[in-house]
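# Sharing a sequence plus its predicted fold:
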Amino acid sequence: MYLRMFHTARRVWQNFSKRIIGLFRFILDYKIVMFSILYIMFNSLSIFLLRNIDVGTTIGWGLFSFFIFIFLFFLIWYVKLKWKFSKDREVANSSGERSFKICVLFFFGFCIFVSAYLRNSSIITNEKRIFGNVQSFTESSTKLRVYMVDEVEEKHVRQQVTARLLGDINFNGEILGKNESLILLRLPNFYKFQIGQVCEVEGLLSEPKNFEDFNYKKFLANKKIFFLMDNPKIFCQKISDARGGNFLKNILVDLKTKLIENIDSVLNEPQSSLLAGILFGQRRLFSKSFEEATRVSGVSHIVAASGYNVTILSIAINKLFFFLPKRFKLIVSLIVIWMFAILSGFSASIVRACMMGSVSIIALLFGRSNSVHLALPFVSFLFVLFTPFAVSDVSFLLSISAVLGLVYILPILTMIKEKITRKHKFLDDFVLPTLSCTLSTLPLSIFTFKTFSIWSVPVNTLVLPVVESTMFFGLLALLFQYIFPPFSYIFFSVVNVQLKYFEFIVNFVQKLNFGQVSLSEPFSQALSLIVLLFLLLLIIFFYPIKNEKYNYYLKNS
């Protein structure tokens, strides 16, 4: 018995190690994947080093000298081995070739790290300069001319909006450039702003303060916000007089605002805010009790600017256009999700999700489903290249995690389901995709929000079918408001009933008053790491590989 168990464990370990080696062979073989993964890792490392080591000090120069030394060492080693390899072809069958490959890998990795370091050095240098001169910028009241770069974020006690300077400001000899820092304005709720609106604000700039368990200063610095202004005197020009920012984005956000006003004129709360969130990714202010209910039931991502809306759209389009050939359905999906991005006013999280979704659709469109494994890390690399602090943006990480869940966890769940039962439409369309996204985002959710809810999967499974048709009927209702307004009320009535069902489900879960666990920081970090390792092992061991017996990477492992 023990001998049988030993052989079983040995066989499992052999299969598992073969898959791990095959995975590393795949990454090393596709340089674009290796480059993307290394750059994302080294981007975070370089930001950490730059923020914690002063480049102008002895430590900084020592670090720079160490980089130069390592670079020269690997360069000399590389040239030497390459020369030896070219002189003696038998080196290919010796340990020399292995050393040569290791040298190339380290040299390749070092060059990527230097690239990330140089890319981020100017950003962190500017950040340190501003923080070093913060007293010069905050010691007296000042008058600034700004424009609103984002939509207003509503809070229960106030509202806040991000503004950009229209010109450089001189503070007692210290210059704050117009592109060096954004300003976060915190104001009473009765003010109304439009994106791009030019305003004059007068008040005292202040430095953000950290909370007890949250580094708020770093959180804002990642968004290039280094100063706050509480309750300033403010005078705004009319939109017709002047407007700052991107012309196209301003127009699209104005269109979205107009459509949301049309929704508000017909539906009551919270249905109007729910529909605005589902259709446009618009973050609206709910009552405290309903907001808590959406959080406990795990559906906050549906009613906010979340990439999950894109997933819902893709599923809905596949079902709505079931009669079309697969190729045409993919083209329609591609068009519709980018129309959704336009209607959202190019919300950052929606655009990210659309880009990730587009990669998968284009790969399937050209009949190369395997290319999604190359495209996902490359698209992630592009995001990090253009916005280095994306790796600390929770919405970006959640979007990536959800897509990875659909690509790598959903096939495993589908394979397990097929061994238990035959094709089941409800399971295939709703339960398994929801479960895969929930599992893939679970480590990040536990680590960031320090909570765990057992209701996420069942509640999402119950509301997802309704949300799909709500998007469809909601768009029809808005369309008929312009074509034939009386007819639009029929569609609004359907939407209202569906959203009342949504409201009933989340309120019912909240009244149960159990199923959500709050975690302390050390425990949440440990648990998130354990869940992440478990999911990685699950994917490596169980991910279905076609023609596994003849797979190049497994066969050579």
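Sure, I can see it. Because the structure is predicted, anything quoted here is derived from the model rather than measured.
# neighbouring contacts of stretch 328-345?
Residues outside stretch 328-345 that contact it (Cβ atoms under 8 Å, 6 or more residues apart in numbering): 151, 195, 249, 252-253, 255-256, 259, 279-282, 305, 309-310, 313-314, 317-318, 321, 324, 347, 350-351, 354, 357-358, 361-362, 364-365. No exception for glycine: its C-beta is placed from N, CA and C like everyone else's.
# pLDDT of that stretch, averaged?
Averaging pLDDT along stretch 328-345 gives 76.
# Next: stretch 166-177.
In the prediction, stretch 166-177 has an average pLDDT of 79.
# Quick one: end-to-end length of it, please.
9 Å (Cα to Cα, to the nearest Å).
# What residues sit buried inside that stretch?
166, 169, 171, 176 (16 or more other Cβ atoms under 10 Å).
# So which residue is dead centre in this protein?
For the chain, the residue nearest the mean C-alpha position is F396 (1.2 Å; Cα atoms, centre = their mean).
# On the three-state scheme, that residue is what?
Per DSSP: H, G, I helix; E, B strand; the rest coil, the local secondary structure of F396 is helix.
# Provide the backbone phi and psi angles at the closest residue to it other than its chain neighbours.
Leaving aside its sequence neighbours, F396 sits nearest to A390 (Cβ to Cβ, 6 or more residues apart in numbering; 4.7 Å). With angles defined as degrees, to the nearest 10, A390 sits at phi -60, psi -30.
# For A390, give me its contacts.
A390 neighbours (Cβ under 8 Å, 6+ apart): 383-384, 396.
# Distance of it relative to I400?
9 Å (Cβ to Cβ, to the nearest Å).
# Ramachandran angles for S206?
The phi/psi pair for S206 (degrees, to the nearest 10) is phi -140, psi 160.
# Would you confirm that it contacts M229?
Yes: using Cβ atoms under 8 Å, S206 makes contact with M229 at a distance of 7.1 Å.
# Grab the longest helix from this protein for me.
helix 95-132 (DSSP state H).
# Average pLDDT for that helix, rounded please.
78.
# Return the next helix or strand after it as PDB; C-alpha atoms alone will do.
Of the helices and strands lying after helix 95-132 in sequence (DSSP states H and E), the nearest is helix 134-138. C-alpha atoms of helix 134-138 as PDB (Å, rounded to 0.1, in the frame of the first residue of the first chain):
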ATOM      1  CA  VAL A 134       6.700  70.800  -0.100                       C
ATOM      2  CA  GLN A 135       7.000  73.500   2.500                       C
ATOM      3  CA  SER A 136       7.700  76.100  -0.200                       C
ATOM      4  CA  PHE A 137       4.400  75.100  -1.900                       C
ATOM      5  CA  THR A 138       2.200  74.900   1.200                       C
END
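# gap between the next helix or strand after helix 134-138 and the chain center?
Using DSSP H and E, the helix or strand that follows helix 134-138 towards the C-terminus is strand 142-148. Distance of strand 142-148 from its chain centroid, counting by Cα atoms, centre = their mean, to the nearest Å, is 30 Å.
# still on that earlier bit, in a markdown table: the buried residues of stretch 166-177, plus distance to F542.
Formatted as a markdown table, those follow (distance: Cβ to Cβ, whole Å):
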| residue | distance to F542 |
| --- | --- |
| L166 | 56 |
| I169 | 58 |
| F171 | 59 |
| L176 | 54 |
